[in-house]
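Novice: the sequence isn't on hand, but the structure is:
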């Protein structure tokens with residue numbers, strides 16, 4: 001018994017016990033991309049179980065839709081079938097015109113099955129038409145934004161391919177509005193009124209207005225375009241980093257406390273990259289009645305727009 005007792009309090013043995021029981025929670029996965037693929041699929045499965053026609057759109061990281069994460073490989077059908085489209089920032093323009101990257105080829109392959117939404121960042125108004133045309137030629141939806149709208153705070157006056165059609169699926173859409181920052185609006189009603197008077201086919205907004213969630217009644221007011229056609233309303237949701245201003249965040253939390261808060265997000269002081277494979281983090285996002293995605297569904301949104309899906313790369317880069 002004395003020998004066993006000594007063994008039990010040996011630090012090495014304690015470390016062994018901890019690592020054996022919590023390996024997936026404390027260590028980085030062997031394949032971070034695969035772990036993100038699985039996370040997105042699980043979110044989609046849970047959401048569609050609650051609402052069969054729920055739309056799931058990851059943003060950035062198009063390589064996740066492929067078996068070997070490059071344009072010469074085949075589509076990963078399990079992942080592709082779980083989502084309804086892909087959002088991409090800065091494809092043709094990021095303040096200046098960008099060279100053609102390998103991801104354009106990947107997006108072209110993906111768009112044969114699902115919709116691509118592009119948010120190009122432009123240095124001046126004269127480039128808007130070119131950005132719209134470049135995306136239209138590929139069959140992509142385009143949301144051009146200028147420097148004053150870098151954080152998605154403004155509703156543009158110009159709508160590409162405005163129409164009166166009912167938009168019942170993402171494939172029906174001809175344009176979209178990306179408006180996830182409502183800081184310009186003093187009241188929720190002001191925000192809703194400004195959206196209601198537009199003819200965008202798809203609206204990307206936040207579930208919350210000044211930390212208060214939107215309701216089914218709120219969404220009813222904006223689910224029709226001003227011209228009478230039905231449209232889709234999609235909620236933004238960050239799955240790769242925790243946001244300090246969200247309902248789930250405890251003010252006592254900090255890096256490594258809890259253990260899945262792992263790395264500051266450079267340039268975004270209110271965000272912390274997470275170990276997205278952690279069951280604790282995943283339970284915040286999906287799988288129960290208090291989860292983020294369930295709140296989105298209960299509010300009456302048509303889908304979710306998943307940001308920081310590319311955390312599998314950001315966690316291992318000094319750039320972020």
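Specialist: That came through, no problem. This is a predicted model, so every value here is computed, not measured.
Novice: mind listing what residue 150 touches?
Specialist: With contact set as CB atoms under 8 Å, 6 or more residues apart in numbering, residue 150 has these partners: residue 121. All C-beta spots, glycine's among them, are computed from the backbone N, C-alpha and C.
Novice: now do it, the pLDDT please.
Specialist: At residue 150, the predicted lDDT confidence score is 93.
Novice: ok, which stretches of this structure are strands?
Specialist: Secondary structure of the chain (DSSP state E): strands at 55-58, 85-94, 115-121, 141-145, 176-178, 202-206, 208-209, 212-213, 232-238, 241-243, 261-265, 268-274, 303-307.
Novice: mind putting the ones you listed in JSON lines, mean neighbour count included?
Specialist: Formatted as JSON lines, the strands of the chain follow (neighbours: other CB atoms under 10 Å):
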{"stretch": "strand 55-58", "mean neighbour count": "26"}
{"stretch": "strand 85-94", "mean neighbour count": "22"}
{"stretch": "strand 115-121", "mean neighbour count": "23"}
{"stretch": "strand 141-145", "mean neighbour count": "23"}
{"stretch": "strand 176-178", "mean neighbour count": "24"}
{"stretch": "strand 202-206", "mean neighbour count": "24"}
{"stretch": "strand 208-209", "mean neighbour count": "18"}
{"stretch": "strand 212-213", "mean neighbour count": "13"}
{"stretch": "strand 232-238", "mean neighbour count": "24"}
{"stretch": "strand 241-243", "mean neighbour count": "21"}
{"stretch": "strand 261-265", "mean neighbour count": "18"}
{"stretch": "strand 268-274", "mean neighbour count": "18"}
{"stretch": "strand 303-307", "mean neighbour count": "25"}
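Novice: wouldn't residue 239 be in contact with residue 276 here?
Specialist: Yes - judged on CB atoms under 8 Å, residue 239 makes contact with residue 276 at a distance of 6.4 Å.
Novice: need the residues touching each of the two.
Specialist: By CB under 8 Å, 6+ apart, the residues touching both residue 239 and residue 276 are 39, 311.
Novice: what would the strands of the chain look like in a markdown table with distance to residue 49 and mean pLDDT?
Specialist: Shown next, in a markdown table, are these (distance: least, CB to CB, whole Å; pLDDT from 0 to 100):
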| stretch | distance to residue 49 | mean pLDDT |
| --- | --- | --- |
| strand 55-58 | 12 | 98 |
| strand 85-94 | 20 | 97 |
| strand 115-121 | 22 | 98 |
| strand 141-145 | 27 | 97 |
| strand 176-178 | 26 | 98 |
| strand 202-206 | 23 | 98 |
| strand 208-209 | 24 | 98 |
| strand 212-213 | 21 | 96 |
| strand 232-238 | 17 | 98 |
| strand 241-243 | 25 | 98 |
| strand 261-265 | 29 | 95 |
| strand 268-274 | 24 | 96 |
| strand 303-307 | 14 | 98 |
